[in-house]
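Participant: what would the 3D arrangement of this be:
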Amino acid sequence: EEEVVLRCSPEEFGQFPVLERDQYVTIKEVEIAHLEDHLHVEPGEILVPLPRLEQGVPRRTFFTNMTHAIGTLIALPLVFPVLKYLMKPMFKPYDNAWFSVGNVKKVNKENVGFQFKFTRGFKEAFMPEQQIEKNIWVVKATPAVQQAVYEGNDKKFYDDKGDVIWVNKSNSPYIGYSGKCPHLGCGYKWRKTKNFPDGVFLCPCHLSIYDEAGKVIDGPAPRPLDVLPLQVDAGGEVKIIDVEYKAGVNNQIRLL
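Facilitator: Numbers count the residues shown, from 1 in each chain. Below you'll find the predicted structure:
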């Protein structure tokens, strides 16, 4: 007969639910030969559960990741100068050089766009320099167009440090626009149409339409045409700084 020893008083035992023997099984310790070979443990070791966050991460994987992390920390001081050298072209200052694009005598009609084409060298990162064909549009502006463009205020242009590099006077008779549409950077033209017999700037890609002051008349363009720094020297040569802004956004974000 099996003897059951209770480690409580009869009063405490009465508080427990009725013991139904058929709901319990007897567990006995049984020693299995060579079991430690299958569990990767040594006799006498005590196994405890891993923390929940570490479950499923093999020990070898943990130490491998730790080795990679330490190696990265050691190599970082050596790699940083190389990365800095390779990324330097991405953070070079803006090119604020002046380009001569043609003589102002060619712009002989008021409030009509005239296109000047020019070539400039362009170097991207460590690639060889390439010659790029570009263009700008110049308008001989009446006082009304000057007011529409500048709203009575001189337009200042800044370098990458925030210093003023040039000021377009609000009463300047000549206004230069970037040859890239502010929508997606496509090229546009000056065209006379049935609805606009005096002429408008028309981008054929997505049908953005601008008036002679560069204001958006129709289409998906998010902002007016980008005004460029422009000056006319004593000999009548039109000079511009080839500033480029990010397309597709409301505000002017300078890229070059």
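Participant: how about Phe196, what does it touch?
Facilitator: Ile209, Ile217 (C-beta atoms under 8 Å, 6 or more residues apart in numbering). C-beta: built from backbone N, CA, C; applies to glycine.
Participant: could you find the closest non-adjacent residue to the most centrally placed residue in the chain?
Facilitator: In the chain, the centroid-proximal residue (C-alpha atoms, centre = their mean) is Lys246; its distance is 10.7 Å. The shortest distance from Lys246 to any non-neighbouring residue, by C-beta to C-beta, 6 or more residues apart in numbering, is to Ile253 (4.1 Å).
Participant: what about the one you found, how many residues nearby?
Facilitator: Applying other C-beta atoms under 10 Å, we find 11 residues neighbouring Ile253.
Participant: pretty sure it sits against Val243.
Facilitator: No. Using C-beta atoms under 8 Å, Ile253 is not in contact with Val243, being 11.3 Å away.
Participant: gap between the residue nearest to Lys246 and Pro222?
Facilitator: Distance, Ile253 to Pro222, using C-beta to C-beta, to the nearest Å: 11 Å.
Participant: got it, and Arg7?
Facilitator: 82 Å.
Participant: okay, those two: which has more neighbours?
Facilitator: Taking other C-beta under 10 Å, Arg7 and Pro222 do not tie; Pro222 has more neighbours (13 against 6).
Participant: could you measure from that one over to Asp233?
Facilitator: 34 Å.
Participant: now Asp242
Facilitator: The value you get for Asp242 to Asp233, if C-beta to C-beta is used, is 17 Å.
Participant: neighbour count: those two, which is higher?
Facilitator: Neighbour comparison, Asp242 and Asp233: the larger count goes to Asp242, with 22 against 11 (by other C-beta under 10 Å).
Participant: could you check how far that one is from Pro229?
Facilitator: Asp242 is 9 Å from Pro229, by C-beta to C-beta.
Participant: likewise Ile241?
Facilitator: 4 Å.
Participant: between these two, which contacts overlap?
Facilitator: Joint contacts of Ile241 and Pro229 (C-beta under 8 Å, 6+ apart) are Phe157, Ile165, Trp166.
Participant: pull out the buried members of those.
Facilitator: Of the members of the shared contacts of Ile241 and Pro229, the ones counted as buried by neighbours, 16 or more other C-beta atoms under 10 Å, are Phe157, Trp166.
Participant: and of the shared contacts of Ile241 and Pro229, the nearest to Tyr210?
Facilitator: Nearest to Tyr210 out of these is Phe157 (C-beta to C-beta; 20.5 Å).
Participant: what pLDDT is listed against the closest one?
Facilitator: Phe157 carries a pLDDT value of 96.
Participant: quick one, phi psi at it?
Facilitator: Dihedral pair for Phe157: phi -120, psi 140, per degrees, to the nearest 10.
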